[in-house]
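[1] Okay, predicted coordinates and the sequence, questions at the end:
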Amino acid sequence: MKKQSPSMDAWLKEAKADPVAAKVGMFLVHNGVVRETAKAKVRLGEDVADIKGMEFSYDEQKVADAVAEAYKLEGIYYIKTWLNEGTLEIGDDIMYVLIGGDIRPHVVDALQFLVGKIKNECVIEKELR
């Protein structure tokens, strides 16, 4: 069943109150959203019809393992994730990932690493036409 999206204001307030916050010089947030353009069209340039939504699920343990791996990256001190599930419509939030670290290059690299790992190894997305 589709979940209620979290508040980024609340997440950032919580992150800045965490004991590691004094080491963090930057937070980045990724917000994945269901779009109408099919993945095959966007990524591969295939001529396919738009989608109407998606079925979305994830493996909680794999996400936890990916987060643990991201914490091993240089300069990363804070990570929080939220993933939706169920039948999602165009415009619905798929996921949020918040990463805090010491400097911009470390945080950008960690965000790209973690979002990529989650998308490629932890989730199941079925586009609905």
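    Happy to help now that I have it. Numbering: from 1, shown residues only.
[2] Going by contacts, tell me the helices and strands next to the lengthiest helix in the chain.
    The single longest helix within the chain, with elements called by DSSP state H, is helix 104-117. Judged by 3 or more C-beta pairs under 8 Å, 6 or more residues apart in numbering; DSSP states H and E, the packing partners of helix 104-117 are strand 26-33, helix 60-71, strand 76-83, strand 93-101. C-beta: built from backbone N, CA, C; applies to glycine.
[3] can you list contacts of the third one?
    Pointing back at strand 76-83 there. 3, 5-6, 11, 14-15, 18, 20-21, 23-24, 27, 56, 58, 63, 67, 70-71, 94-102, 106-107, 110, 114, 118, 123 (C-beta atoms under 8 Å, 6 or more residues apart in numbering).
[4] Show me how to select, in ChimeraX, the buried members of these.
    In ChimeraX, a selection of the buried entries from these looks like this (16 or more other C-beta atoms under 10 Å):
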select :11,15,24,27,56,58,63,67,70,94,95,96,97,98,99,100,101,106,107,110,114,118,123
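[5] Need the contact partners of the lowest-mean-pLDDT helix or strand in the chain.
    Ranking every helix and strand in the chain by mean pLDDT, DSSP states H and E puts helix 39-44 at the bottom, with a mean of 92. Outside helix 39-44, the residues that touch it by C-beta under 8 Å, 6+ apart are 35, 46-48, 125, 127.
[6] Among those residues, name the ones in helices.
    Per DSSP H, the contacts of helix 39-44 never map to helices.
[7] Many thanks, we can stop here.
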